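**Q** got a predicted model here, sequence first, then my questions.
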Amino acid sequence: MPSSQDTPMMSAAAQTLPAESAPKAPWRWRTGAEAVVIPTCAVVAALILFGIFCEFQGRNALKVYAAIYKAAYGNWYSFQNTLLRAAPLMLTALCTALPARLGLIVIGNEGALVVGGVAATVAGLAVQSAPMPVVIAVMLLGGIVGGGLWIGFVGLLYYKRGVNETISSLLMNYIAIAFMNHLVNGPMRDPSSLNKPSSFPIPDDKMLPSMGNSNVHYGLIFGILVCLMAWVLMEHTTFGFKVRMIGGNIRAARMAGLPVARIGLIICFLAGAAAGIAGMVEVAAVQGRANESLAAGYGYAGILVAFIARHRGLPIILVATLLGGILASGGILQRTFTLPDATILLLQGIIFLCILFSDSLYGRIPFFKEPGA
Amino acid sequence: MSNSSIGWWGVVIGVLAGSVRGGTPFLLVSLGECLTEKSGKINLGLEGVLLMGAMSAYAVSYKTGSSLCGVAAAAGVGALLGMIHALMVSRPRVNDIAVGIAMLIFGSGLAFYLGKPYIEPSAPQLPGIPLGAWSSVAQIRAALSISPLFVFGVVVAFLMHWFFRSTRWGMHVRAVGDSPAAARAMGLSVGRTRFLAIVCGSALGGMGGAHLSLFYPGAWTERISSGQGLMAVALVIFARWNPVHCLWASLLFGGAQSIGPALQAVGISTGYYLWNASPYILTLLVMMATCSTKRTLVGAPGALGTSS
């Protein structure tokens, strides 16, 4: 019987440890190939299952996929749409990915995004007469602090009271949305927003601009940069090594004298901060104000991105771009195939299940076994 | 003030009635989760099961004209989703919490997809049991119209308590959940016991969904469950894995949920949106108060949260 600490994710982290601690060892390409081939096969299997579902619903699966491809990557205009959706996904994915390396499953992405967005709005409105870069910087700070404290609280509950982090973070999503509804219907409400209660708007000329003459705003740069930073932090610093050590074997980490709770709290803060930046980007570049459009499901899709990317910073950039494309194609599916918008959610669910099922295949396929290992 | 003749008592009656009406889905889902967790696995996907149950109960009730068929369909769909969950978590190295999240997304996606055509039409509802027929006050009569599924849930709660305490099968489930290795040594099939526990638990969760769409609030919408399936998971921890305690906890949560609407009914709408958060905040507070890093909780199945 495996030891009680040995959950799949933790042992996956533990597997990479020997290679990291002995950098002179020959590059183990079979292990690397396994980490690429298995998730890819899982996604392909999910697409086949979803295709069968489409056929049962009387839609030609190949045509549906062709439409998704065209709507997501067909031309520069649609690819911009994809990138616009990929930006918040990269940031919310980190909210699950960073704590996962510690062995925690945090799914408060949506809540942290909402709180980060609201905090950024409050901060931005407070300094709205300042020059644009100042407003953006202050909003960024608001998003980081808001989201960071939100998930930091999840970490605090876990380390101080032993409260299950998955359940508490999920409950806090609902609390965050109720809190935002209270603010935009009450204290922060702009009386001119009738149909959709919203906060007062950030002045147009103080919003995060688009890059060059494209539709893509600088939030994409934020997303890529933060993912790269997370990747360097987790894979190439002592701090990241400590985090992975805690995730691999928490008892050994305690024995080695690591401040487990402090590292855990820092990671939770960083995770929430990443999702908070996503909220800030949505307010500063897209919505211009805080309202219920913030809770658009980027948080939940981010969980899936993190799991497909196996909680690594670099693959998250790629996976977020792929899933962003699927999200961008929702409208086309609705218009061309009269498929309801929940189709995309269903596809995500099928991909998620296949990815998790594939977790049981690691180390079981002879081809990927290192010779002599 | 509203036109109610009973004034502030309306709030009290509203909350009490809400605790029974709104507590029923909590009760059925938490009983299902209790059974599942006693076998040593967590099923966070009951939120998806709740939605699928609500949708299929409503659709079948609409198509067949019989609300009982709807309840049966909800239980059946719940069992099917439970089978997927059970097959997934029986694989080595597959994390049951992550599978729960995936099942949550899958279940809600499927429910929203298939339920799209049923948002408009109205389906036959479950008839209430009129315990308040003696009263002439409309609010009291409405409040005491009890869902048959609530009665069913209460019966299941006491039955399940007896099942765990005094039956051989109940002991088998507890053994598998506390120490799979010992259960295996006893000659029990850990896989099969867990499969049955998860499938039956999911069926109960599906029936909780039937209460949502066929009794209260009594219509199929995409926002019908709003996290009740997840709160039920927390509620099981609060109830210390005891089915009868699940009953009391569900009533408490149902009551907390109905404070906001009850206050609004008498004309107080200040902080309406904040009151909406009260069940979630209550759940968090309860978990803060009952959990501890120092000791395992009394009644917690030993294998819970491990990969064994």
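**A** It's in. As the structure is a prediction and not an experimental result, all values here were calculated from the model.

**Q** hey, let's count contacts and neighbours off CA atoms from now on
**A** Noted.

**Q** element containing the closest residue to residue B:243 other than its chain neighbours, please.
**A** Distance criterion CA to CA, 6 or more residues apart in numbering or on different chains; nearest residue to residue B:243, sequence neighbours excluded, is residue B:157 at 5.1 Å. Under the criterion of DSSP states H and E, residue B:157 resides in helix B:148-166.

**Q** ok, now residue B:100?
**A** For residue B:100, the host element (DSSP H and E) is helix B:96-115.

**Q** rounded mean pLDDT for that helix, please.
**A** For helix B:96-115, mean pLDDT is 94.

**Q** packing partners of that helix?
**A** In terms of contacts (3 or more CA pairs under 8 Å, 6 or more residues apart in numbering or on different chains; DSSP states H and E), helix B:96-115 is packed against helix A:342-358, helix B:46-64, helix B:67-89.

**Q** for those, which one sits closest to residue A:187?
**A** Nearest of the helices and strands packed on helix B:96-115 to residue A:187, taken as CA to CA: helix B:46-64 at 32.5 Å.

**Q** do the closest one and chain A meet?
**A** No. For helix B:46-64, no contact with chain A is found by CA under 8 Å from any CA of the partner chain; the gap never falls below 10.6 Å.

**Q** show me what that helix is packed up against.
**A** Packing partners of helix B:46-64 (3+ CA pairs under 8 Å, 6+ apart): helix B:23-38, helix B:67-89, helix B:96-115, helix B:190-214, helix B:228-238.

**Q** just give the nearest non-adjacent residue to the closest residue to chain B within the stretch 151-300 of chain A, would you?
**A** Across the stretch 151-300 of chain A, no residue is closer to chain B than residue A:162, which sits at 4.4 Å (CA to the nearest CA). Excluding its sequence neighbours, the residue lying closest to residue A:162 (CA to CA, 6+ apart) is residue B:293, at 4.4 Å.

**Q** how many residues are close by that neighbour?
**A** By other CA atoms under 10 Å in any protein chain shown, 13 other residues sit near residue B:293.

**Q** distance of it relative to residue B:245?
**A** Going from residue B:293 to residue B:245 by CA to CA, to the nearest Å gives 23 Å.

**Q** which one of the helices and strands packed on helix B:46-64 lies closest to residue A:68?
**A** helix B:96-115 (17.6 Å).

**Q** what are the contacting residues of that closest one?
**A** Contacts with helix B:96-115, where a contact means CA atoms under 8 Å, 6 or more residues apart in numbering or on different chains, come from A:105, A:340-350, A:352-353, A:356, B:41-49, B:51-52, B:55-56, B:59, B:81, B:85, B:88-89, B:220, B:222.

**Q** now those residues: which count as buried?
**A** With burial judged by 16 or more other CA atoms under 10 Å in any protein chain shown, the buried subset of the contacts of helix B:96-115 is A:105, A:340-350, A:352-353, A:356, B:41-49, B:51-52, B:55-56, B:59, B:81, B:85, B:88-89, B:220, B:222.

**Q** low-confidence regions, the stretch 201-350 of chain A specifically.
**A** For the stretch 201-350 of chain A, not a single residue meets the criterion pLDDT under 70.

**Q** show me which residues of it are close to chain B?
**A** A:340-350.

**Q** quick one on the thing from earlier: pLDDT at the residue of the stretch 151-300 of chain A closest to chain B, what is it?
**A** The model's pLDDT for residue A:162 equals 90.

**Q** for it, what are its contacts?
**A** Contacts for residue A:162 were tallied using CA under 8 Å, 6+ apart; they are B:288, B:291-293.

**Q** relative to residue A:171, how far out is it?
**A** When distance is defined by CA to CA, residue A:162 is 16 Å away from residue A:171.

**Q** next one: residue B:280
**A** The gap separating residue B:280 from residue A:171 is 6 Å, by CA to CA.

**Q** tell me, what's touching the two both at once?
**A** With CA under 8 Å, 6+ apart, residue B:280 and residue A:171 have common neighbours residue B:231.

**Q** and residue B:145, backbone torsions?
**A** Main-chain torsions, residue B:145, degrees, to the nearest 10: phi -80, psi 100.

**Q** next up, the contacts around it.
**A** By CA under 8 Å, 6+ apart, the residues touching residue B:145 are B:128-132.

**Q** poorly predicted segments of the stretch 201-308 of chain B, please.
**A** Along the stretch 201-308 of chain B, segments meeting pLDDT under 70 span B:295, B:308.

**Q** so the residue in it that chain A sits nearest to: helix, strand or coil?
**A** At 4.4 Å from chain A, residue B:293 is the closest residue in the stretch 201-308 of chain B, using CA to the nearest CA. Recorded secondary structure, residue B:293: coil (DSSP: H, G, I helix; E, B strand; the rest coil).

**Q** for the stretch 51-200 of chain B, what lies in contact range of chain A?
**A** B:88, B:91-95, B:98-99, B:102-110, B:112-113, B:116, B:181.

**Q** now do 10 Å
**A** B:84-85, B:87-117, B:180-181 (CA under 10 Å from any CA of the partner chain).

**Q** can you put the residues of the stretch 201-350 of chain A next to chain B in a markdown table and add distance to residue B:270?
**A** Converted to a markdown table, those look like this (distance: CA to CA, whole Å):
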| residue | distance to residue B:270 |
| --- | --- |
| A:340 | 36 |
| A:341 | 34 |
| A:342 | 34 |
| A:343 | 38 |
| A:344 | 37 |
| A:345 | 35 |
| A:346 | 38 |
| A:347 | 40 |
| A:348 | 38 |
| A:349 | 38 |
| A:350 | 42 |
